[in-house]
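**Student:** Structure for this input, please:
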Amino acid sequence: MMGARRAPSRSSKRGARHAAFAAWATFAAITPGSRAEAAPRAIVLDDGEKIPRDEAHPLPPSAWPDPAQPIDLFGLRDEIIALQVAIEPDGETLESIHVTFAPFTPPLDAPISTFAERFIEIRRASYNERFPGSLAFTPEAAPSAGAYIGFFADPLVPAASDRTPAHVQAGPRARGALWIDIHVPPNAPPALYTGLLRVEAGTRPLLERPLTLRVVDAAMPYPGAAITTFYDRATLQKRMGDGGERRAERSLRQMLHAHRISAIHDILTADEVSADLDALTGTLYTSSAGYTGPGAGIGEGILAIGAYGALGDPDPAKAAEVARIAERLRALHVFETTDTFVYAADEDCTTPRTARWKELLGALPSARGVRVGLTCSDDPRKQAADLVMLLAEHYPLKKVEQARAGGKRIWVYNGQRPYAGAMMLDVPATDLRANGWIAARYGITRWFYWESTFWLDNNRGGRGGPHGFDPFVIAETFHNTRGDHANGDGILLYPGTQIVPGMHDEGVPILLPSIRLKNLRRGAQDAAYFQLARAIDPATAEAIADDLVPDVLSSAGRHPSWPERGIPWLTARKQLLDILDHHYTPRKPRRTSLLGCTKCAQSEIRDTSPPLFALTGMAAILALLAVRRRLR
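**Tutor:** Numbers count the residues shown, from 1 in each chain. Purely as a prediction, here's the structure:
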């Protein structure tokens, strides 16, 4: 009805609290005394931000705004903790900016990796030329206009060696930025460790801050949230010249594994499986194979046969080849631990292939256990496939539970705001982190991202030409026949070398990570926090998650319900850590479920508690009144 008013939703109230918190953090960062004089400075930020190069864009608020206070970090064994350093040149040109660390006390052999952040110019937001919105967001869920227009950091170039820190430059009106990963050793004793972080431009000091690292007596399970992405071997060959040694491909698999992500590519025959055996058995992820990182020795856990429907229409000969693949995996004792499936079709819900594949494979005893899957966002209960991958915006919780009860596996693929986080360049860094929380909170067993090395823009409607785009230079690297233009879609990794003349070349035959990849890792690690905390106190852990990702998937509202700044995520993770360390106050669940778990239903119980900033304001007023009474 015209003129009807509706009470503000719980998510809008929560959004106001998040906005008030961000405003407070910004105020704290710019209050007098935080910057006594105009001079180059280094600011420590958490890992949930994308740093703008141009000083016309303000820096995000710091989680540690007081330079006199320690940078307080915390973690579990085998967790990677990350932070960033942004350098404000203040009109100067600064060369050879780098970070160094003093050893921890008590001693802690924690590997520290530093990366130089590279900036990509985003000239216009992702869009569709026919309809409002884009693949990244609906019109209402888009970031504010101009928020991500300009140069923003994403590619990360590692230091030349563990003993040589990464270097960047800044100025005169362009920031520099560094990324830092700290890997808590798997055998780290629980303790409070102290250290020192230094930032220098050459030999000129810019910042020196104490650092604390609280390690609790808990190990982080691997992977936390099951995340999978696709890569194309032909792309590696065309862009990086990856030859018989397959150095780029091996580095890609190890890079993704270190970020708690599994990889699939196009496998058609049993012979082609041979190149994947080291990954499936976990041998590729051991020190003898040059691997360092979490999940050492753990196998990939997934194998797609004929990705995106590459096998075509099923027939007895193809089914026999699938059976031979299954036999190879059983002989290596990895079939039971590997999600093996025929990827029958891509976004074709009416295809007869899935039913035919099931019929042919069901007649072969050695193929039993191989699932038939497809991407399709129609009702999963009505699909012939054993495995249905749904777009996040078409993930109906009740129907999914019913499909699972009928024996189907249901995964999510990709993401669009406000239903889930998007993987594009022109959205907040926390979008991909949110998906880890969503997966853990709603029992999503695997989240699939369609590509990780889409540098060529060579799909139907692509505009990459014979060589594709340089992802270090061009942001708008995805186009299709439906009128979509997307910034960085399908790119989680960057080529360390490029054999195409004129393209940016870092001169290393490996894959380079991105800030988006780092936030996918953070989301997987946060999912592990949630799982561990829920085992101790389900009500409190679920209430924390409900506060952070309240209205998502098919129950989402018009706007993203999760916070876009990194600090609230850091706070939520610390609350989960307190549960693991038994320093917390239990909370009652705020929502009930129609499906047997808290916050799984479409309906909700409204939060009528006053916002945090209102309570703070009331307390301040009462304190002032008390002072006035004393003065009288």
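**Student:** quick one, helices of the stretch 501-632 of the chain?
**Tutor:** Counting by DSSP state H, counting those that start in this stretch, the stretch 501-632 of the chain has these helices, from start to end: 515-536, 538-548, 567-580, 612-631.
**Student:** Packing partners of the third one?
**Tutor:** What it means is helix 567-580. Other helices and strands packing on helix 567-580, by 3 or more CB pairs under 8 Å, 6 or more residues apart in numbering; DSSP states H and E, are helix 10-30, strand 71-77, strand 204-219, helix 515-536, helix 538-548. Yep, even glycine has a C-beta here, placed from its N, CA and C like the rest.
**Student:** neighbouring strands for the third one, and are they parallel or not?
**Tutor:** Right, the one you point to is strand 204-219. Based on DSSP bridges, the pairing partners of strand 204-219 within the sheet are strand 71-77 (parallel), strand 191-201 (antiparallel).
**Student:** Please identify the buried residues of that strand?
**Tutor:** L206, L207, R209, L211, L213, V215, V216, A218, A219 (16 or more other CB atoms under 10 Å).
**Student:** repeat for the fourth one
**Tutor:** When burial is assessed from 16+ other CB under 10 Å, helix 515-536 yields the following buried residues: 515-534.
**Student:** what's across from I81 in the sheet?
**Tutor:** Going by DSSP bridges, I81 is paired in beta bridges with I182.
**Student:** Report the contact partners of the residue most central in space within the chain.
**Tutor:** The C-alpha lying nearest the average C-alpha coordinate of the chain belongs to L520 (CA atoms, centre = their mean; 1.6 Å). L520 makes contacts with I227, H259, R260, I261, L432, R433, N435, G436, Y449, L492, as judged by CB atoms under 8 Å, 6 or more residues apart in numbering.
**Student:** same thing but at 7 Å, please
**Tutor:** If a contact means CB atoms under 7 Å, 6 or more residues apart in numbering, then L520 has I227, H259, I261, L432 as its contacts.
**Student:** Neighbour-wise, give me the winner out of the residues you listed.
**Tutor:** L432 (30 neighbours; other CB atoms under 10 Å).
**Student:** Give me the nearest residue to P560, chain neighbours excluded.
**Tutor:** Taking CB to CB, 6 or more residues apart in numbering, and ignoring the residues beside it in sequence, P560 has P418 as its nearest neighbour in space, at 4.3 Å.
**Student:** what's the neighbour count on the one you found?
**Tutor:** 24.
**Student:** How about A323?
**Tutor:** Applying other CB under 10 Å, I find that A323 has 19 neighbouring residues.
**Student:** just checking, it touches A363?
**Tutor:** No. Judged on CB atoms under 7 Å, A323 makes no contact with A363 at a distance of 9.8 Å.
**Student:** Ramachandran angles for I261?
**Tutor:** With angles defined as degrees, to the nearest 10, I261 shows backbone torsions of phi -130, psi 130.
**Student:** Next one, pLDDT for it please.
**Tutor:** According to the per-residue confidence, I261 scores 98 in pLDDT.
**Student:** That one and F230 touch, don't they?
**Tutor:** No. Distance between I261 and F230: 11.0 Å, which falls outside the contact criterion (CB under 7 Å).
**Student:** thinking again about what came up before, show the contacting residues for the residue nearest to P560.
**Tutor:** By CB under 7 Å, 6+ apart, the contact list for P418 reads T138, A141, A556, G557, R558, H559, P560, S561.
**Student:** what about 8 Å?
**Tutor:** With contact set as CB under 8 Å, 6+ apart, P418 has these partners: F137, T138, E140, A141, D551, V552, A556, G557, R558, H559, P560, S561.
**Student:** What are the neighbouring residues in contact with the spatially closest residue to A147 that is not a sequence neighbour?
**Tutor:** Residue nearest to A147 in three dimensions, not counting chain neighbours: D426, with 8.0 Å by CB to CB, 6+ apart. D426 makes contacts with I122, A125, S126, A136, P143, A147, Y148, I149, A475, N487, G488, as judged by CB under 8 Å, 6+ apart.
**Student:** in which helix or strand would I find D426?
**Tutor:** Following DSSP states H and E, there is no helix or strand that holds D426.
**Student:** Return the set of buried residues in stretch 46-59.
**Tutor:** Neighbour counts using 16+ other CB under 10 Å place D46, D47, G48, E49, K50, I51, P52, R53, E55, H57, L59 of stretch 46-59 among the buried residues.
**Student:** which stretches of the stretch 151-300 of the chain form helices?
**Tutor:** Using DSSP H, counting those that start in this stretch, helices in the stretch 151-300 of the chain cover 233-240, 247-258, 270-273, 277-281.
**Student:** quick check: mean pLDDT across the shortest one?
**Tutor:** It refers to helix 270-273. For helix 270-273, mean pLDDT is 94.
**Student:** circling back: between the contacts of L520, which sits nearest Y343?
**Tutor:** I227 (17.0 Å; CB to CB).
**Student:** how close does the closest one sit to R233?
**Tutor:** Note on I227: its distance to R233, by CB to CB, to the nearest Å, is 20 Å.
**Student:** can you check A142 too?
**Tutor:** 35 Å.
**Student:** Tell me which of those two has more neighbours.
**Tutor:** Counted by other CB under 10 Å, A142 and R233 do not tie: A142 has more neighbours, with 23 against 17.
**Student:** What pLDDT is listed against the closest residue to that one other than its chain neighbours?
**Tutor:** Excluding its sequence neighbours, the residue lying closest to A142 (CB to CB, 6+ apart) is A125, at 6.7 Å. The predicted structure scores A125 at 98 on the pLDDT scale.
**Student:** can you pull the contacts of A125?
**Tutor:** S134, A142, P143, A145, Y148, I149, D426, N487.
**Student:** likewise R324?
**Tutor:** Contacts for R324 (CB under 8 Å, 6+ apart) come out as A270, S366.
**Student:** which SSE is L374 in?
**Tutor:** Secondary structure assignment for L374, by DSSP H and E: strand 371-375.
**Student:** counting contacts, what elements does that strand pack onto?
**Tutor:** With contacts taken as 3+ CB pairs under 8 Å, 6+ apart, strand 371-375 sits against strand 339-346, helix 353-362, strand 387-391, strand 409-413.
**Student:** Give me the residues contacting the second one.
**Tutor:** Right, the one you point to is helix 353-362. Residues outside helix 353-362 that contact it (CB under 8 Å, 6+ apart): 309, 313-316, 318-319, 322-323, 342, 344-345, 367-368, 370, 372, 374, 383-386.
**Student:** That helix: how far from the chain's middle?
**Tutor:** On the basis of CA atoms, centre = their mean, to the nearest Å, the separation between the geometric centre of helix 353-362 and that of its chain is 35 Å.
**Student:** Repeat that for the third one.
**Tutor:** With CA atoms, centre = their mean as the basis, strand 387-391 stands 19 Å off its chain's centre.
**Student:** so what strands line up beside that strand?
**Tutor:** When sheet partners are counted by DSSP bridges, strand 387-391 sits next to strand 371-375 (parallel), strand 409-413 (parallel).
**Student:** thought L391 was touching Y413?
**Tutor:** Yes. The pair formed by L391 and Y413 meets the contact definition of CB atoms under 8 Å, at 6.4 Å.
**Student:** Residues that sit against both of those two, list them.
**Tutor:** Going by CB under 8 Å, 6+ apart, residues that sit against L391 and also against Y413 are T375.
**Student:** now L192, nearest residue through space, not along the chain?
**Tutor:** Using CB to CB, 6+ apart, the nearest residue to L192 is R214, at 5.3 Å.
**Student:** Report the beta-bridge partners for the one you found.
**Tutor:** F74, L192.
**Student:** Show me where the stretch 501-632 of the chain dips below the pLDDT cut-off.
**Tutor:** When the per-residue scores of the stretch 501-632 of the chain are filtered using pLDDT under 70, the ranges that remain are 584, 588-632.
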